[in-house]
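Participant: Turn this into a model:
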Amino acid sequence: MSCLPLALAALMAVPALAQDAIYRCGNEYTNNPAVAKQRGCTPLQGGNVTVIEGTRPSPTAAPRSNGASNTAPRVDSAAQRARDADARAILETELRRAEERLAEAQKAYANGEPEKQGIEGRNHQRYLDRVAELKAAVGRAENDVAGIRRELQRLGPATTN
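Facilitator: Numbers count the residues shown, from 1 in each chain. Now for the predicted structure:
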């Protein structure tokens with residue numbers, strides 16, 4: 001049993017001895033000194049480098065150029081208009097909610113001068129921290145509203161039947 005730790009230590013040292021000097025050539029690495037000298041590579045100091053080669057796509061996975069490549073089922077235009085109308089209604093509801101949250105955040109922020117609460121009268125840093133949080137909440141709410149408006153614009157103008 002006493003030779004087990006010695007054997008483990010020897011096994012752990014073997015990979016460190018097998019590692020040759022590593023050279024960096026731009027985004028490439030090599031352990032061949034002749035190639036490194038030819039390309040003007042710089043030797044890496046300390047640490048081991050592990051390079052994992054990426055997978056190559058198989059030739060059968062290449063996209064087909066003929067008309068049979070579109071296997072998604074077609075949706076008739078009435079169903080697509082209904083889906084678009086549903087998406088628009090959902091986004092408009094979300095926009096109203098986001099605008100309400102923005103109004104609440106702006107009201108609480110009060111142009112950077114909200115009223116002090118409780119201990120904030122004696123602890124000015126706590127007040128400043130709360131003001132910063134309120135300002136961040138206003139910024140997030142403004143970004144939410146802007147994002148939803150962009151999504152609505154992406155859907156195009158509302159269509160009425």
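
Participant: Please make it C-alpha for all contacts and neighbour counts, starting now.
Facilitator: Fine.

Participant: Let me see the ranges of the helices in the chain.
Facilitator: Ranges of helices in the chain, per DSSP state H, are 3-18, 33-39, 77-109, 124-155.

Participant: would you list the ones you listed in CSV and tack on mean neighbour count and mean pLDDT?
Facilitator: Shown next, in CSV, are the helices of the chain (neighbours: other CA atoms under 10 Å; pLDDT from 0 to 100):
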stretch, mean neighbour count, mean pLDDT
helix 3-18, 10, 56
helix 33-39, 13, 90
helix 77-109, 15, 94
helix 124-155, 16, 94
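
Participant: would you list the ones you listed in TSV and tack on distance to R56?
Facilitator: Listed next are the helices of the chain as TSV, based on distance: least, CA to CA, whole Å:
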stretch	distance to R56
helix 3-18	28
helix 33-39	25
helix 77-109	38
helix 124-155	36
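
Participant: and of those helices, who's closest to I52?
Facilitator: helix 3-18 (17.2 Å; CA to CA).

Participant: Go through the helices of the chain and name the closest to G46.
Facilitator: The nearest among the helices of the chain, by CA to CA, is helix 3-18 at 11.2 Å.

Participant: Among the helices of the chain, which comes closest to K116?
Facilitator: helix 124-155 (6.6 Å).

Participant: Point out the other helices and strands that that closest one packs with.
Facilitator: Helices and strands touching helix 124-155, by 3 or more CA pairs under 8 Å, 6 or more residues apart in numbering; DSSP states H and E, are helix 77-109.
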